[in-house]
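In: Quick one, structure for this:
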Amino acid sequence: MRTYEAFVLGAITGGLVAWLWGKEITDYARERTRGVRTQAAEGLQAVADGTGKALDRGGNALRRAEDFLQDTKEQVGEVLRGGRDAIRPTPSTREA
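Out: Numbers count the residues shown, from 1 in each chain. The predicted model follows:
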């Protein structure tokens with residue numbers, strides 16, 4: 001038997017099997033994989049929960065960092081203004 005003849009025969013046989021026993025095969029596969037699918041769904045839920053918590057913590061950390069940077073900016077501004085005022089020469093009372 002040639003390769004293409006074997007392929008055609010296999011395709012016809014597969015089609016007949018699917019047509020005759022498709023429902024039984026589907027039900028069997030659904031029952032046999034129920035536990036695996038349940039575990040996969042639970043795993044995906046755990047990943048979603050963990051990701052949500054991590055992103056919440058990251059958001060809180062970013063807010064704290066933003067507050068820290070704002071406070072630091074204000075402190076640096078105050079120090080620079082104080083330094084500027086300290087080194088600024090006093091106005092001369094003498095006319096030129």
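
In: What mean pLDDT does stretch 5-13 get?
Out: Confidence over stretch 5-13 (mean pLDDT, whole number) is 91.

In: can you check stretch 39-47 too?
Out: What stretch 39-47 shows for mean pLDDT is 88.

In: Can you give me the buried ones in it?
Out: Buried residues in stretch 39-47, counting neighbours by 16 or more other CB atoms under 10 Å, are absent. In short, each C-beta sits where N, CA and C put it, glycine included.

In: How much space separates the most centrally placed residue in the chain from residue 71?
Out: With distances taken as CA atoms, centre = their mean, the residue of the chain nearest its centroid is residue 51 (6.7 Å). Using CB to CB, to the nearest Å, we find residue 51 at a distance of 30 Å from residue 71.

In: Name the spans of this structure whose pLDDT lies under the cut-off.
Out: Low-confidence segments of the chain, defined by pLDDT under 70, span residues 92-96.

In: Helices of that one, start to end?
Out: Per DSSP state H, the chain carries helices over the ranges 3-32, 34-87.

In: Just give me how far the last one sits from the chain centre.
Out: Chain-centre distance of helix 34-87: 15 Å, with CA atoms, centre = their mean, to the nearest Å.

In: relative to helix 3-32, how tilted is it?
Out: Taking axes from the mean of the first three to the mean of the last three CA atoms, to 10 degrees, helix 34-87 and helix 3-32 form an angle of 80 degrees between their directions.

In: which helices and strands does helix 34-87 pack with?
Out: When contacts are defined as 3 or more CB pairs under 8 Å, 6 or more residues apart in numbering; DSSP states H and E, helix 34-87 sits against none of the other helices and strands.

In: Repeat that for the first one.
Out: On a contact count with 3+ CB pairs under 8 Å, 6+ apart, helix 3-32 meets no helix or strand.

In: Find out how far that helix is from the centre of the chain, if you would.
Out: 40 Å.

In: now residue 30: how far from residue 36?
Out: Using CB to CB, we find residue 30 at a distance of 11 Å from residue 36.

In: who are the neighbours in contact with residue 24?
Out: Residues counted as contacts of residue 24 (CB atoms under 8 Å, 6 or more residues apart in numbering): none.
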